[in-house]
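K.L.:
got a structure for you, letters missing:
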Ligand SMILES: [Zn+2]
């Protein structure tokens, strides 16, 4: 961690709000990962401030695999990307009705290229570059995107606006995951659903790969969910769980997919 990085301290556990309950479990380049002794939630108590996430720590900038593994990774990622898009497409089609959909952590918005036109995309992203690209992509379909922390803008959408929300590879980055889920609920229609995908901290892969597990990304992944803590947070925020796949049909899967609806 260099000295010019601006840090914000999360004093309370993001899930149960307990104070001084953290037990240190891992250090990486001076970034600490802790586990809450009250609820077992795993998180980084010190995170880069949002302003730094806009550029310095933007995911697309930080993630630069070395040249020798680039090609094989590229192929692997395109295959993986196809599977993930299909999974998202399947869940959208099954659980979300035609209309406006909010994609939090939307990236450049390209994932909507394969998604039927009946879904009108709105997006939020903390990276300026990604949000700008998403705005261009989404405006072609009648939606738009903005660059902001989700907690700053969710209330501005008003009530009953979205038929659904996508939180794919997003909650692990969010400084206030519970608050986002809580505020998001208000923007959804009564029959709205949310689709969540996060890395599974309790996955077999993490046990096997240890510190080299792909779900560790410092300082981007500020929260680490297990099936237990994800369920607990989603329920605490006022949702019922409609579908939850945490093995994703493969014992080696690193990810969890969940569909939930406001109660
Ligand atoms: Zn806790």
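P.N.:
Cool, got the structure. Remember, predicted model here, so these are calculated numbers, not experimental data. Numbers count the residues shown, from 1 in each chain.
K.L.:
burial of residue 215, as a residue count?
P.N.:
Residues lying near residue 215 (other CB atoms under 10 Å) number 18. C-beta: built from backbone N, CA, C; applies to glycine.
K.L.:
would you map the helices across the stretch 101-250 of the chain?
P.N.:
For the stretch 101-250 of the chain, helices defined by DSSP state H, counting those that start in this stretch occupy the ranges 128-139, 150-153, 177-187, 204-209, 227-236.
K.L.:
which outside residues touch the fourth one?
P.N.:
Taking CB atoms under 8 Å, 6 or more residues apart in numbering as the criterion, the residues outside helix 204-209 that touch it are 200, 213-215, 251-254.
K.L.:
run the last query once more with 7 Å
P.N.:
Helix 204-209 has contacts (CB atoms under 7 Å, 6 or more residues apart in numbering) with 213, 215, 251-252, 254.
K.L.:
make a markdown table out of the residues you listed and add pLDDT.
P.N.:
A markdown table is the format used below for those (pLDDT from 0 to 100):
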| residue | pLDDT |
| --- | --- |
| 213 | 93 |
| 215 | 94 |
| 251 | 68 |
| 252 | 73 |
| 254 | 89 |
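K.L.:
what does the stretch 1-150 of the chain have sitting close to the ion?
P.N.:
Within the stretch 1-150 of the chain, the positions adjacent to the ion are 13, 15-16, 18, 36, 38-39, 41 by CB under 5 Å from the ion.
K.L.:
list the residues that contact the closest residue to residue 245 other than its chain neighbours.
P.N.:
Leaving out its chain neighbours, the residue that sits closest to residue 245 by CB to CB, 6 or more residues apart in numbering is residue 257, at 4.7 Å. Taking CB under 7 Å, 6+ apart as the criterion, residue 257 is in contact with 87, 91, 197, 245, 248.
K.L.:
neighbour-wise, which of the residues of the stretch 1-150 of the chain next to the ion leads?
P.N.:
Tallying neighbours with other CB under 10 Å puts residue 41 at the head of those, with 27 neighbours.
K.L.:
picking up where we left off before, what's the most distant pair in the contacts of residue 257?
P.N.:
By the measure CB to CB, 91 and 248 form the most distant pair in those, at 11.9 Å.
K.L.:
of the residues of the stretch 1-150 of the chain next to the ion, which is the nearest to residue 27?
P.N.:
Distance to residue 27 across these (CB to CB) is lowest for residue 36, with 17.2 Å.
K.L.:
surely that closest one is in contact with residue 13?
P.N.:
Yes. Using CB atoms under 7 Å, residue 36 is in contact with residue 13, at 4.1 Å.
K.L.:
mind giving me the PyMOL select for the contacts of helix 204-209, buried ones only?
P.N.:
To isolate the buried members of those in PyMOL, using 16 or more other CB atoms under 10 Å:
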select buried, resi 213+215+254
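K.L.:
rebuild the contacts of helix 204-209 as CSV, extending it with distance to the ion.
P.N.:
Shown next, in CSV, are those (distance: CB to the ion, whole Å):
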residue, distance to the ion
213, 22
215, 19
251, 28
252, 28
254, 23
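K.L.:
ok so, going back, okay, and which of the contacts of residue 257 map to strands?
P.N.:
Counting by DSSP state E, the contacts of residue 257 place 197, 245 in strands.
K.L.:
could you report the neighbour count for residue 148?
P.N.:
Count around residue 148 with other CB under 10 Å applied: 16.
K.L.:
OK, contacts around it?
P.N.:
Residue 148 is in contact with residue 124, counting by CB under 7 Å, 6+ apart.
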